[in-house]
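*Asks:* Fold the following for me, if possible:
(4 chains)
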Protein chains: 2
Amino acid sequence: MTSVRNRSRLRKGEGEQLRREILAATRDLLAEKGSHDLVSIRDIAHRVGVSPPSIYLHFETKDQLTYAVCREAFEGFGARLLPILAGEGDALDRLRRVGEAYIRWGLDNAALYPVLFLGEPPESMEHEVMAGDPGLLVLAGLVALVRLGMDEGAIRGDSTPEATAWAMWAAVHGTVLLLSSKREWMQSHLAEADTPIGIPGVDELIETVIEAVFRAFSPADG
Amino acid sequence: MTSVRNRSRLRKGEGEQLRREILAATRDLLAEKGSHDLVSIRDIAHRVGVSPPSIYLHFETKDQLTYAVCREAFEGFGARLLPILAGEGDALDRLRRVGEAYIRWGLDNAALYPVLFLGEPPESMEHEVMAGDPGLLVLAGLVALVRLGMDEGAIRGDSTPEATAWAMWAAVHGTVLLLSSKREWMQSHLAEADTPIGIPGVDELIETVIEAVFRAFSPADG
DNA sequence: CCGATCACTTACCAGCGTTCACTTACCGGC
DNA sequence: GCCGGTAAGTGAACGCTGGTAAGTGATCGG
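*Replies:* Below is the predicted model:
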């Protein structure tokens, strides 16, 4: 059932191996259950084939374990978006592509996304780790790109670069969350209701949002 | 401390009184703790001055209780937004005002907002109650207003009314969530970091988002 | 005054994150 | 070859959680 592996005790220098196995098991369980509080420390320990306290030899709290797992996948987020931000094309075009990539990544990682983008990071995160946070790097890159675009006249300068970048972030952030929670629920529970609210298709909404952001921040006289 | 009231047993027909006291205590605790899973059934019972199982005489589960509390405040959401949707002014202007009202309401009810707009409603909600849901009413009104605006030529018709309305929803939804969770955290934890990411002001971001939505869905040749 | 009903309570369950005290197995040094 | 130190891991428990089953008393209509 939950696949208890026949784990034999590791050799003396090999303790780190368990850490990796815990991360992997947590990642799998998170993907299976879909939410991090449906995954218990006992579940994880059982799947790894180890007793619950052993988890705490490698992670201080459950939150830190969860965050470590999400953070691992989070590197893929940076790897996908940063090249676009720093890549070719004019600023608006890059923004359009990074926006779409953001939404796609969020939907592909629907179980992890809320942990990373809704909750707060665990208290005891080192500043060093924090500084390398892909989310912060992307945000910084986004602000920089918006600023560049404004200087070039490719992005309208009605608002500050920060406010503009955050507005774009808000749009894709909201889109990911609506699509991954509200849309699915509405479609299954509202089908035969007497208030038939139209529900847009996933791709349709993504394109609408991206094009809207594109238009909204194009220079005044298009 | 947690204010145990000296509750004496109620008379025979007055059972509903406890229900109201539970709702009130839950509302207060929710506001104090800021998140619904920091409030336990035992906390609520203690504050009301009653034993924990008594809660279950009036609410099936904790989720339903939480949702009932949020739902109560949710009526205020409908009361604030529906008149704007059905009010005066052209479609774009009404959309602008309803968008700003949405964000303001979300920020004013930051502890309740995620319960209503992120989690799923509890399983056993009657269809009747569901149909009167202010959120659904507002969404339906929004779609209708967008459709009207498109017919009048006041809103561009590149996308379907549903996708357009959802895109607007995504923008304000994302804005509320970023402002109420990420912004505060960043401001306190990122102040002295070596990656000084600019953080926009609350009002500044709201105005940027609203104006961006306004421009994005204005007709092609402004 | 009696029996039904309402308004609760006491005692408990399984499961949670987490901690403490303890054992087991390996490894370098004598 | 054994010995001490240490890394790796365990069993039992703590205090908490949401939730339930069964019982207790007051109150009310007849």
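
*Asks:* When you work out contacts or count neighbours from here on, use the C-alpha atoms and nothing else.
*Replies:* Will do.

*Asks:* Spatially central, which residue of chain A would that be?
*Replies:* residue A:113 (3.6 Å; Cα atoms, centre = their mean).

*Asks:* And the nearest residue to that one once chain neighbours are set aside, how far from residue A:174?
*Replies:* The shortest distance from residue A:113 to any non-neighbouring residue, by Cα to Cα, 6 or more residues apart in numbering or on different chains, is to residue A:106 (5.8 Å). As judged by Cα to Cα, to the nearest Å, residue A:106 and residue A:174 stand 11 Å apart.

*Asks:* same deal with residue A:19?
*Replies:* Distance, residue A:19 to residue A:174, using Cα to Cα: 34 Å.

*Asks:* What of residue A:209?
*Replies:* If you go by Cα to Cα, the gap between residue A:209 and residue A:174 works out to 10 Å.

*Asks:* Neighbour count: the two, which is higher?
*Replies:* The neighbour count for residue A:209 versus residue A:174, taken as other Cα atoms under 10 Å in any protein chain shown, is higher for residue A:209 (29 against 26).

*Asks:* now the helices: where do they sit in chain A?
*Replies:* Per DSSP state H, chain A carries helices over the ranges A:15-33, A:41-48, A:62-85, A:91-108, A:113-117, A:127-131, A:134-152, A:161-177, A:184-189, A:202-216.

*Asks:* do the first one and DNA strand D meet at all?
*Replies:* Yes: legend: contact between helix A:15-33 and DNA strand D by Cα under 7 Å from any atom of the strand is shown at A:15, A:16, A:18.

*Asks:* I'd like the distance between the second one and residue A:45.
*Replies:* Looking back up the chat, that one is residue A:16. Using Cα to Cα, residue A:16 is found at 15 Å from residue A:45.

*Asks:* Quick check: residues of chain A near DNA strand C?
*Replies:* So far as Cα under 7 Å from any atom of the strand goes, chain A lies against DNA strand C at A:9-12, A:37, A:39-43, A:52-53, A:56, A:60-63.

*Asks:* And those, which of them are buried?
*Replies:* A:39, A:41, A:43, A:52, A:62, A:63 (16 or more other Cα atoms under 10 Å in any protein chain shown).

*Asks:* Return only those of those found close to chain B.
*Replies:* Applying Cα under 8 Å from any Cα of the partner chain, the subset of those adjacent to chain B is empty.

*Asks:* In JSON lines: those, plus distance to DNA strand D and pLDDT.
*Replies:* Shown next, in JSON lines, are those (distance: Cα to the nearest atom of the strand, whole Å; pLDDT from 0 to 100):
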{"residue": "A:39", "distance to DNA strand D": "15", "pLDDT": "97"}
{"residue": "A:41", "distance to DNA strand D": "11", "pLDDT": "98"}
{"residue": "A:43", "distance to DNA strand D": "13", "pLDDT": "97"}
{"residue": "A:52", "distance to DNA strand D": "7", "pLDDT": "97"}
{"residue": "A:62", "distance to DNA strand D": "13", "pLDDT": "97"}
{"residue": "A:63", "distance to DNA strand D": "15", "pLDDT": "95"}
